[in-house]
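# sequence first, then the predicted structure:
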Amino acid sequence: MLLYVDLTDGRPVYQQLRDQVVEGIATGAIAEGERLPTIRQLAADLAINFHTVARAYDLLRQEGFVQVGRRNGASICVRGEAASPEWRAALRTTLAHAYAKGMASEEILRICREILATFQKGGTSSETTLA
């Protein structure tokens, strides 16, 4: 899988990295047990601050997507509850955003189905290789 940073994206860089790893897991582009690049290596590859990558990895660890060890570095280790209260709250806010902007419920559901179908088919594209 490739990771990239879009400086025109409104999201913080650490959030972009976190989101790409989660999407990579969902699409199958990143497999259970796969090792991520070291924090220093990914920071150098993307020409971003070391602490930005560290923050993304720490967030992934807290959310149960990676396991971090001193000897082995970070590796994909999906564990924990999928539909946590935090996940439901984030989804609710995202759906509320679309609804408040005037999207019809049917359109929101159609888009959700399209996105879910990409996970089942295994499709997203990115730009800086993992490990």
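Cool, got the structure. Numbering: from 1, shown residues only.
# show me where this structure has helices.
13-27, 39-46, 50-62, 85-100, 105-121 (DSSP state H).
# out of the ones you listed, deepest packed?
Mean neighbour count (mean count of other C-beta atoms under 10 Å) peaks for helix 13-27 among these, with a mean of 20. Where you see a C-beta, it was placed from the backbone N, CA and C, and this is true even at glycine.
# dump that helix to PDB, restricted to CA.
C-alpha atoms of helix 13-27 as PDB (Å, rounded to 0.1, in the frame of the first residue of the first chain):
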ATOM      1  CA  VAL A  13      -1.500  15.200   8.200                       C
ATOM      2  CA  TYR A  14      -1.500  12.700  11.100                       C
ATOM      3  CA  GLN A  15      -5.300  12.200  10.500                       C
ATOM      4  CA  GLN A  16      -4.700  11.600   6.700                       C
ATOM      5  CA  LEU A  17      -2.100   8.900   7.500                       C
ATOM      6  CA  ARG A  18      -4.400   7.300  10.100                       C
ATOM      7  CA  ASP A  19      -7.300   7.300   7.700                       C
ATOM      8  CA  GLN A  20      -5.200   5.800   4.900                       C
ATOM      9  CA  VAL A  21      -4.100   2.900   7.000                       C
ATOM     10  CA  VAL A  22      -7.600   2.200   8.200                       C
ATOM     11  CA  GLU A  23      -8.900   2.300   4.600                       C
ATOM     12  CA  GLY A  24      -6.000   0.000   3.600                       C
ATOM     13  CA  ILE A  25      -7.100  -2.500   6.200                       C
ATOM     14  CA  ALA A  26     -10.700  -2.300   5.100                       C
ATOM     15  CA  THR A  27      -9.800  -2.800   1.400                       C
END
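# and that helix, what does it pack onto?
Secondary-structure packing of helix 13-27 (3 or more C-beta pairs under 8 Å, 6 or more residues apart in numbering; DSSP states H and E): helix 50-62, helix 105-121.
# distance to Glu23 and mean pLDDT added to those, as a markdown table?
Formatted as a markdown table, those follow (distance: least, C-beta to C-beta, whole Å; pLDDT from 0 to 100):
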| stretch | distance to Glu23 | mean pLDDT |
| --- | --- | --- |
| helix 50-62 | 12 | 94 |
| helix 105-121 | 8 | 88 |
